[in-house]
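A.B. asks: A predicted structure for the sequence below; I have some questions about it.
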Amino acid sequence: MSRVVRSVGWLLVVSGAVVLLYVVYLLWFTGFETERAQRELERTWALTVPDAPVAGEVDVAPEDEEIELGEAVAAVWFERDGEPIVSDEPLFVVSGATLELLRSGPGHYPLSDRPGGAGNFAVAGHRTTYGAPFWSVNQLTEGDTIHVVDRQGREWTYGYREQRVVAPTDVWVVGADPLGSGEPTITLTTCHPRGSAAERLIVWGELLDAPIASTATGATPQEIVGEVEG
Amino acid sequence: MTGSPPGDTGRGGVRWLKAVLLSVLIVVAVVVLFTWVFPWVEELTQDPTMGVQLVRLPR
């Protein structure tokens, strides 16, 4: 009997150690993986995307280019009174929003619009792990701006509008006009509360510049979330 | 001349079998953890995307 008790005890100790190590890995070590991927995306970005504004002699990516899954779609940062908030450095957004792709950084819902488009540019990002790019996205308030540079080197500025906590099934938030304002929109989706995926925190901004033509295919929200892999 | 006392060979065999079984158990546990349990936990606690539950509903 005592042997059985001792074996169960050891099993519990080992299980506890495995869980503890897994939590440590998720909270800290996944960040190294994302940091390395972001630096690689930054390196590629610097080689292919010109500084804004687009100069004629620079080899600019054409607007209708096919973007491979995992490639950088845009660089995003946040400002309050000209100072960066949420992230000290620009976040490189990859094409696709599977958990696998989100290990490299925030991910673009492929069927949502492009940056600066007349529709909704929707991006998902981790709140607590993999570098936690959207850890403090809830700090955004009225007057803050969300800046996006596309692959043609154009910078788009979105003004913060609102944030809301919704159920994971509320897919309308990534639809073409989630705020019903008719304005070009950026939508950021992340986990809520931190460390749980029970709900989603949604942050919206509206484009302050004149938009370009939409590349969104008119997909419904269900189709958008159904095609996160492109 | 030294030799195993009678019955020692049998006990050695059982010990060897136990070690093999324990090793197999550990390998299976690691494979199950990394293939199913950890990805499932990650999806449950770290998925920032919308509508995964809807997508997985039978159509």
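C.D. replies: That came through, no problem. Numbering: from 1, shown residues only, chains lettered A, B, ... in the order given.

A.B. asks: when you work out contacts or count neighbours from here on, use the C-alpha atoms and nothing else.
C.D. replies: Fine.

A.B. asks: longest helix anywhere in chain B?
C.D. replies: Longest among the helix segments of chain B by residue count, using DSSP state H, is helix B:8-32.

A.B. asks: and chain A, is that one touching that?
C.D. replies: No: counting by CA under 8 Å from any CA of the partner chain, chain A has no neighbours in helix B:8-32; the shortest distance is 10.0 Å.

A.B. asks: now that helix, how far from the chain's geometric center?
C.D. replies: 13 Å (CA atoms, centre = their mean, to the nearest Å).

A.B. asks: give me the mean pLDDT for it.
C.D. replies: In this model, helix B:8-32 has an average pLDDT of 87.

A.B. asks: which strands and helices sit next to it?
C.D. replies: Applying 3 or more CA pairs under 8 Å, 6 or more residues apart in numbering or on different chains; DSSP states H and E, we find helix B:8-32 packed against no helix or strand.

A.B. asks: in that helix, which residues are buried?
C.D. replies: Buried residues in helix B:8-32, counted by 16 or more other CA atoms under 10 Å in any protein chain shown: none are found.

A.B. asks: chain center to whatever helix or strand comes next after it, what's the gap?
C.D. replies: For helix B:8-32, the following helix or strand on the C-terminal side (DSSP states H and E) is helix B:38-46. The chain centroid and the centroid of helix B:38-46 are separated by 18 Å under CA atoms, centre = their mean.

A.B. asks: likewise stretch A:70-87?
C.D. replies: On CA atoms, centre = their mean, the centre of stretch A:70-87 falls 11 Å from that of its chain.

A.B. asks: ok so, going back, how far off helix B:38-46 does the longest helix of chain B point, in degrees?
C.D. replies: Taking axes from the mean of the first three to the mean of the last three CA atoms, to 10 degrees, one finds helix B:8-32 and helix B:38-46 inclined to each other by 40 degrees.

A.B. asks: tell me which residues touch A:Pro106, please.
C.D. replies: Residues near A:Pro106 by CA atoms under 8 Å, 6 or more residues apart in numbering or on different chains: A:91-94, A:97, A:123-126, A:133.

A.B. asks: could you rerun that using 10 Å?
C.D. replies: Residues near A:Pro106 by CA atoms under 10 Å, 6 or more residues apart in numbering or on different chains: A:34, A:38, A:72, A:74-76, A:91-97, A:123-126, A:130-134, A:188-190, B:48.

A.B. asks: same thing with A:Tyr109?
C.D. replies: Counted by CA under 10 Å, 6+ apart, A:Tyr109 has contacts A:94-98, A:121-124, A:174, A:224-230, B:49-50.

A.B. asks: next one: B:Val20
C.D. replies: Applying CA under 10 Å, 6+ apart, the residues contacting B:Val20 are B:14, B:26.

A.B. asks: what residues does stretch A:162-170 touch?
C.D. replies: A:137-142, A:173, A:179, A:187-193, A:197-206, A:221-222, A:225, B:47-55.

A.B. asks: go on, stretch A:4-22?
C.D. replies: A:1-3, A:23-27, A:29, B:30, B:33, B:38.

A.B. asks: so for the residue nearest the centre of chain A, what's the nearest residue that isn't a sequence neighbour?
C.D. replies: Centroid-nearest residue in chain A, with CA atoms, centre = their mean: A:Pro106, separated by 2.8 Å. Nearest residue to A:Pro106, sequence neighbours excluded (CA to CA, 6 or more residues apart in numbering or on different chains): A:Gly125, at 4.2 Å.

A.B. asks: unless I'm mixing things up, the one you found is touching A:Val93, no?
C.D. replies: Yes: using CA atoms under 10 Å, A:Gly125 makes contact with A:Val93 at a distance of 8.9 Å.
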